[in-house]
Structures are given as C-alpha cells and as structure tokens.
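Peer 1: Need coordinates for the below:
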Amino acid sequence: MKVELVGYTPDTEDLPSLAAKLTHSKATFEDIKQSAPEKNRALLSHVMGLGHLSVVEHTNFTFAISGVSRALTHQLVRHRIASYSQQSQRYVRLDEPSYVTPPSIKENPELKKKYDELVSLIWKKYNELIGSGIPKEDSRYVLPNATTTNILVTMNARSLLNFFSLRCCTTAQWEIRNLAWRMLKLVKAVAPTIFENAGPPCKSEGKCPENKKDCPLYPKKKEKE
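Peer 2: Numbers count the residues shown, from 1 in each chain. So this is what the prediction gives:
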C-alpha cells in the first residue's frame, strides 16, 4: 500500500478559522482576515470542541492511493461525501497477477501456497477469456476482491473526521484501518488543529460506542487522587 497527500486547500486551517470567527463576529470577512491567525485557530479549536464542524468543510484533501485491494475500495466508496477516480478494470488490462494477501493467510505457509495457486489460476483464466475475444469489461468478472487497484480520493476535513472515527477503530477491517491511520498521519502534519483529536471514538470522544472492554484502546477510568 502506498498513500500520498497530493493536494490540499492552501493554508489548510486559515479558511476554517476565519469561518469560525465569522460566525461569532459582526465584522465583515475582509475585516476578519486582518485578525491574528493564532487567535483564529484557538477559536477554531473551541468551536470544534463544541461540535460545530461545518466550518472545516471549507478545507479539502486529495490522496493518491495505490496497491490496495478492491475489497478495500468497496468499503472506501461507501463514504459518500467524497470524490473518487479509480483505475478502471473495463479499460485497463491486468496481464500479470497483482493482489493483496491478508495477514491471516500470509502467516500460514500451507494456506498461503493454496491462496497463491488459486489467484494464479484465476489470472490464467482471465487472460484466456481475453485471448478468446471476450471484452476486458466482461473478463474482469472472474477477478478476485484481492486484485490491487489505484484510486484518487478527495474529502473535506469534516468527512475525514467521520472516516477516521469509523475506520481507525480496532473493529474496522485491517486493510482500510491501515489506510485510515496513514491518511490521518498525513493530514495531521498540515492541519494539526483540525485533526488534533481525530481517530476512533475512544480517542476523539473518550468513549467506545461498541463497549468493547477487551480492546487495548478502551478508555480507562481516571483514578481518584
């Protein structure tokens, strides 16, 4: 898996900060732009703490993601407030096997061998179909969910906060959880105020909605002094 932050709104936290100030001021936007950025970011943090997240919708982030499975992207595109451009199996011929192997299979040599053999057979049949004149758009029907793909994803900061809340959790599927944590690391570097408390609910809200007490991240009660 490779994840790159290839584009984002310039001065990522300035617009949300100004938006937060605009909602709490009689001044015009032009006047607000003259205020100190540090104070604006403090207000942004305060407003976000109150749950008013619409202001961060003004900032967008674009990620180039490659080497992930179709099983992952089927989950990813369920996050509807986003823009996606994915490698098309209809137009792109995938001559050689390229696929993701789950860790649970990797750690078992015998099952890994069977898994690789099955995928190799699938690819052989895929190429045979194309060689027999079957269009790529129909031949692709035999390809597995494990097939790797490349995708460009753009989300605003509010959508990302929701994405991280759901997909950074230990109950999320392993591959998309890995992706979520990588994306969070990238955006946190350029927008630390917005994503200061981003992550699973145990981190962002101090609670576990699934009440999984066996989770290593389950919020611990503070001891009385």
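Peer 1: and the worst-scoring helix or strand of the chain on mean pLDDT, what does it pack onto?
Peer 2: Least confident helix or strand of the chain, by mean pLDDT, DSSP states H and E, is helix 29-32 with a mean of 78. With contacts defined as 3 or more Cβ pairs under 8 Å, 6 or more residues apart in numbering; DSSP states H and E, helix 29-32 has these neighbours: helix 14-22. The C-beta positions use only the backbone N, C-alpha and C, and glycine is treated the same way.
Peer 1: Check what contacts the least confident helix or strand of the chain and list those residues.
Peer 2: 18, 21-22, 25, 40 (Cβ atoms under 8 Å, 6 or more residues apart in numbering).
Peer 1: again, but for stretch 44-59
Peer 2: Applying Cβ under 8 Å, 6+ apart, the set of residues contacting stretch 44-59 is 8-9, 12-13, 15-17, 19-20, 23-24, 156-159, 161, 191, 193-194, 196.
Peer 1: So what's the residue count around H24?
Peer 2: As a burial measure, H24 scores 11 neighbours (other Cβ atoms under 10 Å).
Peer 1: nearest spatial neighbour of it, skipping sequence neighbours?
Peer 2: L43 (6.9 Å; Cβ to Cβ, 6 or more residues apart in numbering).
Peer 1: list the buried ones in stretch 192-211?
Peer 2: 193-195, 198-202, 204, 208 (16 or more other Cβ atoms under 10 Å).
Peer 1: Please read the previous query as pertaining to stretch 95-102.
Peer 2: 97, 99-100.
Peer 1: C-terminal to the longest helix along the chain, what's the next element?
Peer 2: In the chain, taking DSSP state H as the definition, the longest helix is helix 109-131. Reading on from helix 109-131 to the C-terminus, the next helix or strand found by DSSP states H and E is helix 136-139.
Peer 1: if you average pLDDT over the helix or strand that that next one is followed by, what comes out?
Peer 2: The C-terminal neighbour of helix 136-139 among helices and strands, as given by DSSP H and E, is strand 148-156. Averaged across strand 148-156, pLDDT comes to 98.
Peer 1: related to what we said a few turns ago, buried subset of the contacts of stretch 44-59?
Peer 2: Buried among these (16+ other Cβ under 10 Å): 8-9, 12-13, 15-17, 19-20, 156-159, 161, 191, 193-194.
Peer 1: Out of the contacts of helix 29-32, flag the one nearest to I122.
Peer 2: If you rank these by distance to I122 using Cβ to Cβ, L18 comes first, at 52.9 Å.
Peer 1: my guess is the closest one meets L43, correct?
Peer 2: No - at 9.6 Å, L18 does not count as touching L43 under the criterion of Cβ atoms under 8 Å.
Peer 1: burial count for the closest residue to F63 other than its chain neighbours?
Peer 2: Residue nearest to F63 in three dimensions, not counting chain neighbours: V153, with 4.8 Å by Cβ to Cβ, 6+ apart. By the criterion of other Cβ under 10 Å, V153 has 24 neighbours.
Peer 1: Mind telling me what element the residue positioned nearest the centre of the chain is part of?
Peer 2: Most central in the chain under Cα atoms, centre = their mean is A180, positioned 4.3 Å from the mean C-alpha point. According to DSSP H and E, A180 maps onto helix 174-190.
Peer 1: Check the offset of that helix from the chain's centre.
Peer 2: Chain-centre distance of helix 174-190: 6 Å, with Cα atoms, centre = their mean, to the nearest Å.
Peer 1: rewinding a little: contacts only, for the residue nearest to F63.
Peer 2: So, once contact is read as Cβ under 8 Å, 6+ apart, V153 ends up touching 62-63, 65, 76, 82-84.
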